[in-house]
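Participant: give the three-dimensional model of this entry:
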Amino acid sequence: MTSPFDLYEVVIGIECHVQLLTNTKLFSSAKNHYGDAPNTNVDILDIALPGTLPVLNEKAVDYALRLGFALGCQISHTSVFARKHYFYPDLPKGYQISQYDKPICGEGRLEIRVDDQIKTIGIERIHIEEDAGKNVHVEGGNVSFVDYNRAGTPLLEIVTKPDMRSAAEAMETFKTIRALVTFLEICDGNMQEGSLRADLNVSVRKKGSAVLGTRTETKNLNSVKFLGQAAEFEMRRQILEIEAGNTIAQETRLWDSNRKESRSLRSKEEAHDYRYLPDPDLLPLTLSDERLTRIKNGLPELPREKENRFRASLGLSPYDAAVLTSDREVANYFESALQTHNNAKGIANWIINDILRIVKVQNGEDASISDCSISANHVAQLVKLIDDKVISSKTAKSVFEEMLDDSNKDPLQIVEEKGWRVEKDEAVLTNAIAQVIAQFPNEVQKCKTGKTQLFGFLMGQVMKMTAGKVDAKEATALLQKTLDELP
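Facilitator: Coordinates of the predicted model:
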């Protein structure tokens, strides 16, 4: 029986809010810094005292251009700031300075990789705007507070086209945007602090239909995981509503990460509800050709470019190169390790399979590699000890565990203290193999007569007898040679 979910396709777009790494706010000289005491980074303009006039932060404009060029957007030589009117306690002016019909960046494109396939997601626009303050609600109380430290923080809003057809594509789009803005060094990408957050637009329609369904917007998602969960939930909710004969309300929803469900917040506003009008205190933003050329020529190596270089120059697999370039700090960690020891594949394996795993286990799904106590230099030293046959691969795992316990010790120091150097005396290996053959004659005979899976058992006994201190490749070769020579 066909499931009703098989009859529909989901249509997803994302509005991604990127908080910029400027020293000061978008239109005032107040400090732009997260985590300070409430209402300490506030200028008279941020709280809309009469007579104040905004002054545009030039660095924010450069950052917008940097992102626009990276996404191949059409750059507007002239853009206009507008007032977006709505009334909420965290917006003291009664309007937000944003851009409406004349944004700084027009259409562009973003490439994502899903199931090893490249898909292009269209970019509708990128515009500059100021952030609002933050309402702080006291749990169980009947009072709320407002912190205006965030009011006026410069944001870029990236609006995608509705080109995503699954939660996986939406998650990958969010991850790819995060990688891009951190590589461009315009945002720290810290989702937990709200530096990067997304609004998720979801609708469903019958497969084969070209008509878009009624969309809902789930606000302020600050985790790739939550965004994926919200997309799946909303898709299923809408399909069930339609199948029950109900209509979908165009509304704004909030995601409850504890209950893993969204709830209705308010009916969705249209553009006319905000009464946009050009800001009379700000002249149109006009960009010179010289400025555009300078920004475009100054772009750093972008994630996809770095990924291609890792594959072509370092011989990494598509998967390894993609993982290592999915985050700027991971890429920097990897390249820093290469400065110590030039074995790209070996270092990549340890970072992907061990370092990133430990970081997530110890610090959560959205943790950064900067949270790892083991330095890139020590990872490279560990790989070099394996390559130089100072230790075996098995012993390296034990060394790694010791490094986790005491990150101040370098790998060689641990090896020397524990006496874990590979045994170089061939007589020790020869003697161990002889003992294993003597102890397990039945297994040896079965191995020689075709039960080759027993070779692994015999190898395990050799490694156990030598406490893993012999080179595995040499042990394998000598054991095979010894077995072949037996009658």
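Participant: please make it C-alpha for all contacts and neighbour counts, starting now.
Facilitator: Noted.
Participant: list of residues touching the longest helix along the chain?
Facilitator: Secondary structure of the chain read by DSSP state H shows that its longest helix is helix 224-243. Under the criterion CA atoms under 8 Å, 6 or more residues apart in numbering, residues 4-5, 8, 10, 166-168, 170-171, 174-175, 198, 200, 202-204, 218, 221, 247-248, 255, 257, 260-262 lie in contact with helix 224-243.
Participant: kindly report the same for stretch 203-210.
Facilitator: Against stretch 203-210 from outside (CA under 8 Å, 6+ apart): 7-12, 211-216, 235, 238-239.
Participant: farthest pair in these?
Facilitator: Taking every pair in the contacts of stretch 203-210 and measuring CA to CA, the maximum separation is 19.7 Å, between Leu7 and Thr216.
Participant: between those two, who's got more neighbours?
Facilitator: More crowded of Leu7 and Thr216, by other CA atoms under 10 Å: Thr216, with 23 against 12.
Participant: quick one, what contacts that one?
Facilitator: 200-203, 249-253, 268.
Participant: likewise Pro300?
Facilitator: Shown in contact with Pro300 (CA under 8 Å, 6+ apart): 183-184.
Participant: and the pLDDT at it?
Facilitator: pLDDT recorded at Pro300 is 95.
Participant: wasn't it part of a helix?
Facilitator: No: assigned with DSSP: H, G, I helix; E, B strand; the rest coil, Pro300 falls outside any helix and is coil.
Participant: for the stretch 251-400 of the chain, which segments count as strands?
Facilitator: Secondary structure of the stretch 251-400 of the chain by DSSP state E, counting those that start in this stretch: the strands cover 251-256, 261-267, 277-278, 285-286.
Participant: how about the ones you listed in CSV, adding mean pLDDT and mean neighbour count?
Facilitator: Formatted as CSV, the strands of the stretch 251-400 of the chain follow (pLDDT from 0 to 100; neighbours: other CA atoms under 10 Å):
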stretch, mean pLDDT, mean neighbour count
strand 251-256, 92, 19
strand 261-267, 85, 14
strand 277-278, 94, 18
strand 285-286, 97, 14
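Participant: which among those is found nearest to Asn363?
Facilitator: strand 251-256 (21.6 Å).
Participant: centre of the chain to the closest one, how far?
Facilitator: Put simply, strand 251-256 sits 23 Å off its chain's centre (CA atoms, centre = their mean, to the nearest Å).
Participant: other SSEs contacting it?
Facilitator: Here strand 251-256 touches strand 216-221, strand 261-267, going by 3 or more CA pairs under 8 Å, 6 or more residues apart in numbering; DSSP states H and E.
Participant: could you rerun that using 10 Å?
Facilitator: On a contact count with 3 or more CA pairs under 10 Å, 6 or more residues apart in numbering; DSSP states H and E, strand 251-256 meets strand 196-206, strand 216-221, helix 224-243, strand 261-267.
Participant: which of the contacts of Thr216 lies closest to Leu53?
Facilitator: Lys268 (31.3 Å).
Participant: per-residue pLDDT of the closest one, please?
Facilitator: 67.
Participant: so, low pLDDT: which residues of the protein?
Facilitator: By pLDDT under 70, the low-scoring segments of the chain are 1, 268-272, 365-366, 423-425.
Participant: for the longest strand belonging to it, buried residues please.
Facilitator: The residue-count maximum for a strand in the chain (DSSP state E) belongs to strand 117-130. Buried residues in strand 117-130, counting neighbours by 16 or more other CA atoms under 10 Å, are found at 121-130.
Participant: with those in mind, which one is nearest to Asp273?
Facilitator: Closest approach to Asp273 among the buried residues of strand 117-130 (CA to CA): Glu129, at 17.8 Å.
Participant: Phe126 pairs with what?
Facilitator: That one is not Phe; residue 126 is Ile. The bridge-partner assignment for Ile126, based on DSSP bridges, gives Cys105, Ile158.
Participant: all strands of the stretch 1-150 of the chain, in order?
Facilitator: Using DSSP E, counting those that start in this stretch, strands in the stretch 1-150 of the chain cover 8-19, 78-79, 81-85, 95-99, 108-114, 117-130, 134-137, 144-147.
Participant: tell me which strands the second one pairs with, and in which orientation.
Facilitator: To tie it back to what came earlier, the one meant is strand 78-79. strand 285-286 (antiparallel).
Participant: which residues sit against the strand it pairs with?
Facilitator: For strand 285-286, the external contacting residues (CA atoms under 10 Å, 6 or more residues apart in numbering) are 56, 61, 76-81, 102-104.
Participant: hmm, try it at 8 Å
Facilitator: Contact partners of strand 285-286, identified using CA under 8 Å, 6+ apart, comprise 77-81.
Participant: out of those, which end up buried?
Facilitator: Using 16+ other CA under 10 Å, the buried ones in the contacts of strand 285-286 are 79-81.
Participant: considering those, which is situated nearest to Asp320?
Facilitator: Nearest to Asp320 out of the buried ones among the contacts of strand 285-286 is Ser79 (CA to CA; 40.8 Å).
Participant: ok, that closest one touching Asp279?
Facilitator: No: the pair Ser79 / Asp279 is not scored as a contact, 11.8 Å apart, by CA atoms under 8 Å.
Participant: about what we covered before: could you identify the most distant pair in the contacts of Thr216?
Facilitator: Leu200 and Ala249 (15.3 Å).
Participant: next, the buried residues of stretch 446-459.
Facilitator: So stretch 446-459, judged by 16+ other CA under 10 Å, has buried residues 447-448, 454-455, 458-459.
Participant: format those as CSV; extra columns: secondary structure.
Facilitator: Shown next, in CSV, are these (three-state DSSP):
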residue, secondary structure
Cys447, helix
Lys448, helix
Leu454, helix
Phe455, helix
Leu458, helix
Met459, helix
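Participant: which two of the residues you listed have the greatest separation?
Facilitator: Farthest apart among those by CA to CA are Lys448 and Met459. That separation is 14.0 Å.
Participant: mind listing the helices for the stretch 351-487 of the chain?
Facilitator: 356-363, 376-387, 393-405, 411-418, 426-439, 441-448, 454-465, 472-485 (DSSP state H, counting those that start in this stretch).
Participant: show the contacting residues for the residue most central in space within the chain.
Facilitator: Nearest to the geometric centre of the chain sits Lys175, at 4.4 Å (CA atoms, centre = their mean). Contacts for Lys175 (CA under 8 Å, 6+ apart) come out as 224, 326.
Participant: ok, now Arg165?
Facilitator: Here Arg165 is in contact with 9-12 (CA under 8 Å, 6+ apart).
Participant: and for stretch 100-112, what are the contacting residues?
Facilitator: By CA under 8 Å, 6+ apart, stretch 100-112 touches 64-65, 68, 71-82, 118-128, 169, 172-173, 176, 276.
Participant: per the record, what domains does the chain have?
Facilitator: 4-294, 302-418, 426-485 (automatic domain parsing).
Participant: start to end distance for the last one?
Facilitator: End-to-end distance of domain 426-485 (CA to CA, to the nearest Å): 18 Å.
Participant: ok, Pro89 touching Val146?
Facilitator: Yes: the criterion here is CA under 8 Å, and Pro89 meets it with Val146 at 7.1 Å.
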